[in-house]
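> Sharing a model that was predicted from the sequence below.
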Amino acid sequence: MKTTLVIIDTQVGAFTGDWPMPDGDELITACQRLVAHARAQGWPVLWVQHHEPGGPMDGAGFAIDPRLAPAADEPRILKVEPDAFSNAALAPLLAGQERILLAGLQSDCCVQATALGGQRRAMPVTVVADAHHTWPQNELAAPAVRDRVNQELQEAGIPLTTMTEVLA
């Protein structure tokens, strides 16, 4: 199955500063495992970077977390909106793929928006349910927010998979 892995917004600014991602190390580890597996399978890996002028995803915070070590030949897509497909360069890079795996952050923003954006464009997106993360909201802990997003995506018809299934 022609598969591409898309890692969304795993940038330094999300893991440092005034409000670092809770359980950020676990997300990085999950993404490292997915990237290593994708490379071993010969799947393309694409990196999405959110640019937020004056915000945490600007300046030094814009860089992809160095623990993920993107390869020089792996494409990077810049976005300024939550849906990575808002950058017209993404869809052609994914043309002909049978499965587009999405992981990264933020569950309730860019991961969800990219999954729904891909679905609107008839792209075969699948979200790795346990390889995206977010911050707490209101009275919900971050994992509960992620679980809610997974449920919303599933209800919207977005396929979900797990790390175990992908790495099998």
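All right, it came through fine.
> Compute the number of surrounding residues for the nearest residue to Ser86 once chain neighbours are set aside.
Spatial nearest neighbour of Ser86, excluding adjacent residues (C-beta to C-beta, 6 or more residues apart in numbering): Lys79 at 5.9 Å. Every residue, glycine included, has its C-beta placed from N, CA and C. Applying other C-beta atoms under 10 Å, we find 22 residues neighbouring Lys79.
> could we number from 30 for the rest of this?
Okay, using 30 as the starting number, the last item reads as Lys108.
> quick check: longest helix of the chain.
helix 53-70 (DSSP state H).
> continuing past that helix, what's the next helix or strand?
As assigned by DSSP states H and E, the chain's next helix or strand after helix 53-70 is strand 74-79.
> low pLDDT regions in the chain?
By pLDDT under 70, the chain has no low-scoring segment.
> what about 80?
Filtered on pLDDT under 80, the chain yields the residue ranges 46-48.
> looking at it, which residue ends up farthest from its center?
Distance from the C-alpha centroid of the chain, by C-alpha atoms, centre = their mean, peaks at Glu168 (24.2 Å).
> Pull up the gap between it and Gln148, please.
Going from Glu168 to Gln148 by C-beta to C-beta, to the nearest Å gives 29 Å.
> can you check Val77 too?
With C-beta to C-beta as the criterion, Val77 and Gln148 are 16 Å apart.
> what do you get for Pro95?
The value you get for Pro95 to Gln148, if C-beta to C-beta is used, is 32 Å.
> more crowded one of those two?
Gln148 (17 against 9).
> and the helix or strand encompassing that one, which residues are buried?
Per DSSP H and E: Gln148 is located in helix 141-149. By 16 or more other C-beta atoms under 10 Å, the buried positions in helix 141-149 come out as 141-148.
> Same question for stretch 89-109.
90-91, 93-94, 97, 99, 103, 106, 108.
> could I get the residues you listed as JSON lines with secondary structure and distance to Thr191?
What follows is the buried residues of stretch 89-109, written out as JSON lines (DSSP: H, G, I helix; E, B strand; the rest coil; distance: C-beta to C-beta, whole Å):
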{"residue": "Gly90", "secondary structure": "helix", "distance to Thr191": "30"}
{"residue": "Phe91", "secondary structure": "helix", "distance to Thr191": "30"}
{"residue": "Ile93", "secondary structure": "strand", "distance to Thr191": "24"}
{"residue": "Asp94", "secondary structure": "coil", "distance to Thr191": "22"}
{"residue": "Leu97", "secondary structure": "helix", "distance to Thr191": "20"}
{"residue": "Pro99", "secondary structure": "coil", "distance to Thr191": "23"}
{"residue": "Glu103", "secondary structure": "coil", "distance to Thr191": "23"}
{"residue": "Ile106", "secondary structure": "strand", "distance to Thr191": "25"}
{"residue": "Lys108", "secondary structure": "strand", "distance to Thr191": "26"}
